[in-house]
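>>> sequence first, then the predicted structure, then my questions.
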Amino acid sequence: RKEVEQDPGPFNVPEGATVAFNCTYSNSASQSFFWYRQDCRKEPKLLMSVYSSGNEDGRFTAQLNRASQYISLLIRDSKLSDSATYLCVVTPFDTGRRALTFGSGTRLQVQP
Amino acid sequence: DTGVSQNPRHKITKRGQNVTFRCDPISEHNRLYWYRQTLGQGPEFLTYFQNEAQLEKSRLLSDRFSAERPKGSFSTLEIQRTEQGDSAMYLCASSLAPGSNYGYTFGSGTRLTVV
C-alpha cells in the first residue's frame, strides 16, 4: 500500500465549477501536510499547507481529518489556469525521516 | 539568489555511462533533498543533507547512486553505469527547517534520458 494515495483523475470540469480532491495517508505519525501544484514538465510548487482546523486561501480550501488520515482540497470557481496536477504531501517530523512523501497526484483539466 | 538552480536541465546519455547533476540550493537553506520523478508518479525521495552531512538515503538509492554536499552548499548526484530505468526527472529541493509553513522549494529539475 502506498503511503499517500490519491485518485489520479483526470478530473475534467467546466470553468466556474467547484471540484474536490481527496487524499489518504497511511502513516499516523505524519505531522505536516501540504498540497503542491505541478504543471506539465515543471517542478512542484507549494500551493498551501494544511492545518488541523482547516484553512482557506482565496478559492482554495484545505481540510485535514487526522482520525481518518484524510486530506482534501476544494477549488471553487475553477479557472483555466487551475489545470495542473495536484500533489498531496505528508511528512512525519517526529521520526528520522525528514523528507516529503508525495502522492501520485490528481490531474485537473478545466475546460472552457 | 532567486531559487534552487539545477544543471543541466536535460541530459541524454548512453546506457552504461556515468552522469553527474548539480544542485545549488537557496543560500540560507541548510537542508537539501534529492527526489526522482517518473511519468505519472509523484516525486520519490532519494536522499537528504543537513549542511554537509547526508542524514538519510532511500532504499531507491542503489550502489550506483552517490550524492555529495562537500561544503554544505551545492550538491552533486552521480549515477554510475546508467540503466534505462534511471530515465526520470531528478529534482532537488531545499528548505530552512522541517515543519515550517514554507514548504520546500524545488529546482526545475534535470531530465535524464538513458538510451
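Sure, I can see it.
>>> C-alpha only now, for contacts and for neighbours.
Will do.
>>> spatially central, which residue of chain B would that be?
Centroid check for chain B by CA atoms, centre = their mean gives B:Trp34 as the closest residue, at 3.1 Å.
>>> ranges for the strands of chain A?
Secondary structure of chain A (DSSP state E): strands at A:4-6, A:11-14, A:19-25, A:32-38, A:45-50, A:55-57, A:60-65, A:70-75, A:84-91, A:101-102, A:106-111.
>>> for the longest one, packing partners?
Yep, that's strand A:84-91 we're talking about. Counting contacts by 3 or more CA pairs under 8 Å, 6 or more residues apart in numbering or on different chains; DSSP states H and E, the secondary-structure elements packed against strand A:84-91 are strand A:4-6, strand A:32-38, strand A:101-102, strand A:106-111.
>>> which non-adjacent residue is nearest A:Thr61?
Computed as CA to CA, 6 or more residues apart in numbering or on different chains, the closest residue to A:Thr61 that is not its neighbour in sequence is A:Leu74, at 5.1 Å.
>>> tell me who's in contact with the nearest residue to A:Gly16 once chain neighbours are set aside.
With sequence-adjacent residues excluded and distances taken as CA to CA, 6+ apart, A:Gly16 is closest to A:Asp77, at 3.9 Å. When the contact criterion is CA atoms under 8 Å, 6 or more residues apart in numbering or on different chains, the partners of A:Asp77 are A:Glu15, A:Gly16, A:Ala17, A:Thr18, A:Arg59.
>>> 6 Å instead, please
Shown in contact with A:Asp77 (CA atoms under 6 Å, 6 or more residues apart in numbering or on different chains): A:Gly16, A:Ala17, A:Thr18.
>>> tell me how far it lies from A:Leu46.
From A:Asp77 over to A:Leu46 the distance is 20 Å, taken as CA to CA, to the nearest Å.
>>> partner residues bridging residue 37?
No chain in the question, so chain A it is. In this structure, A:Arg37 has beta-bridge partners A:Lys45, A:Tyr86, where bridges are defined by DSSP bridges.
>>> wait, chain B
Assigned bridge partners for B:Gln37, using DSSP bridges, are B:Met89.
>>> with adjacent residues omitted, what lies nearest to B:Ser75?
Leaving aside its sequence neighbours, B:Ser75 sits nearest to B:Arg69 (CA to CA, 6+ apart; 4.3 Å).
>>> and the pLDDT at the closest residue to A:Val90 other than its chain neighbours?
Take A:Val90 and drop its neighbours on the chain: the residue closest to it by CA to CA, 6+ apart is A:Phe33, 4.5 Å away. According to the predicted model, the pLDDT of A:Phe33 comes to 90.
>>> from what I can see A:Phe33 touches A:Val50, true?
Yes: applying CA atoms under 6 Å, one finds A:Phe33 in contact with A:Val50, separated by 5.2 Å.
>>> I'm done for today, thanks for sticking with me.
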